[in-house]
Structures are given as C-alpha cells and as structure tokens.
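Visitor: sequence below, structure please.
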Amino acid sequence: MAWFSLSGVQLHAIVLAAGLIVSGVLAVITWIYRARPASPGQMPVAPPSPEAEADAALRRELRAQVAFLSRILNELPPADSSRLTEAILNGDDLRDFSFPRFRALVSELDAASDSAAAMVETNMSWLGALIREVRSKRSGLHYDWTSFPRRRYNEVLRSLRPPLQQLASRLNDSARSQPGN
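Guide: The predicted structure follows:
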C-alpha cells in the first residue's frame with residue numbers, strides 16, 4: 001500500500017506540474033500576441049464621424065437612384081421594337097420618383113455632375129410623361145401609335161445612357177477615394 005500512496009502523490013505532482021506548464025505557455029502566447037504591433041489589415045478602425053456617415057448615406061441613396069433610373073432605361077426598347085407597347089404599359093412611369101431629391105443628391109456629389117443630372121432629369125421626366133400619356137388612353141389600348149414620337153424617343157434613350165454612366169462612374173470613383181474603402 002505504501003507504493004500506492006507514493007505513486008498517488010507523484011501522480012498529483014505530475015498533473016500539477018503539467019497544468020502549470022500549460023498555463024505558463026498560454027500566458028506567454030497571450031503576452032506575445034498582445035504585445036506585437038497590429039498589421040495594417042488588422043489595425044483598429046476609428047469609427048466614422050457623423051458627417052462621414054451622413055455623406056455615405058447620401059451616396060448610397062444616390063447610387064440606388066442611379067441604379068433605378070438605369071434599370072428603367074434598360075427596360076425600354078427602341079421605338080421600332082415589337083416589345084415597345086408591352087414595355088411602356090408594364091414599366092415604371094416615374095410618377096413617384098423625386099427628381100428634386102435626385103438633383104439635391106447629385107449637387108452634394110460634385111458640381112461637375114450637375115449638368116448630367118439636369119439632362120437625366122429633363123429626359124427621364126419627358127419619358128415618364130410620355131408613358132403616362134400612353135397609359136391614359138384606356139391602358140394604352142386606344143393610344144394613336146402613329147403619332148408616337150419615335151425619333152425623339154430614340155434620341156432620348158440614346159442621350160440618357162452617357163450621363164447615367166457618368167454619375168455611376170463618379171459615385172464609384174468617390175467611393176474608392178474615401179478612407180476606409
């Protein structure tokens with residue numbers, strides 16, 4: 001029995017020593033990890049200022065509006081397409097789109113984009129009015145398609161793509177140039 005008691009004490013000492021060694025190794029690893037400088041990808045980022053957050057929210061809203069207008073434009077086929085009637089009758093007529101808000105957001109982006117926004121507003125407003133006019137004739141069934149302004153319609157579709165692309169490009173450029181992106 002003496003051997004059993006002796007080995008129990010020895011076993012207890014071995015377990016205690018192993019626990020101390022493991023605790024010491026963990027303490028050293030923690031100390032090294034906490035003491036080392038953070039790598040650039042792991043550096044803590046300061047919370048954005050309220051002004052930066054507000055600016056980012058305005059840019060997100062403008063980005064969503066530009067995407068919406070681009071989607072509407074891409075859904076409208078050329079005047080000689082067989083899908084024209086369906087697209088006009090089933091598409092968005094821009095009745096609920098706030099062009100004053102759109103212009104205000106673009107003016108916050110930069111002054112160079114104001115002319116693009118004016119062109120987008122003018123032409124998209126004209127398209128919306130044309131769509132509403134077609135729909136007003138008993139859902140387009142009684143609209144006189146021979147009087148549809150095909151040439152101007154096609155010109156408006158063509159002239160809208162560059163300013164919308166310019167605005168989207170400026171939004172992407174400004175997002176890349178902001179710190180934290």
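
Visitor: the closest residue to R83 other than its chain neighbours: how many residues sit nearby?
Guide: Distances taken as CB to CB, 6 or more residues apart in numbering put P77 closest to R83, at 4.7 Å, once the chain neighbours are dropped. (C-beta placed from N, C-alpha, C; glycine too.) When neighbours are counted by other CB atoms under 10 Å, P77 registers 15.

Visitor: tally of neighbours for A79?
Guide: Neighbour tally, A79, other CB under 10 Å: 16.

Visitor: excluding chain neighbours, what is closest to it?
Guide: R150 (3.7 Å).

Visitor: same check on G128?
Guide: In space, G128 is closest to L94, 3.4 Å off (CB to CB, 6+ apart).

Visitor: checking L141 next. Helix, strand or coil?
Guide: coil (DSSP: H, G, I helix; E, B strand; the rest coil).

Visitor: distance of it from G91?
Guide: 16 Å (CB to CB, to the nearest Å).

Visitor: picking that back up, got the contact list for the residue nearest to G128?
Guide: 72, 124-125, 127-128, 131 (CB atoms under 8 Å, 6 or more residues apart in numbering).

Visitor: again, only this time at 7 Å
Guide: Counting by CB atoms under 7 Å, 6 or more residues apart in numbering, L94 makes contact with 72, 124, 128.

Visitor: any chance of these in TSV with neighbour count, pLDDT and distance to Q65 as columns?
Guide: Converted to TSV, the contacts of L94 look like this (neighbours: other CB atoms under 10 Å; pLDDT from 0 to 100; distance: CB to CB, whole Å):
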residue	neighbour count	pLDDT	distance to Q65
I72	21	93	11
M124	21	94	11
G128	19	94	14
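
Visitor: could you dump the residues you listed into CSV with secondary structure and distance to S107 added?
Guide: Formatted as CSV, the contacts of L94 follow (DSSP: H, G, I helix; E, B strand; the rest coil; distance: CB to CB, whole Å):
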residue, secondary structure, distance to S107
I72, helix, 22
M124, helix, 17
G128, helix, 21
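
Visitor: tell me where this structure has helices.
Guide: 2-35, 50-75, 84-90, 99-109, 114-136, 150-177 (DSSP state H).

Visitor: pLDDT-wise, which helix or strand of this structure ranks last?
Guide: helix 2-35 (a mean of 74; mean pLDDT, DSSP states H and E).

Visitor: circling back: which one of L141 and G91 is surrounded by more residues?
Guide: It is G91, of L141 and G91, that has more neighbours when counted by other CB under 10 Å, with 16 against 9.
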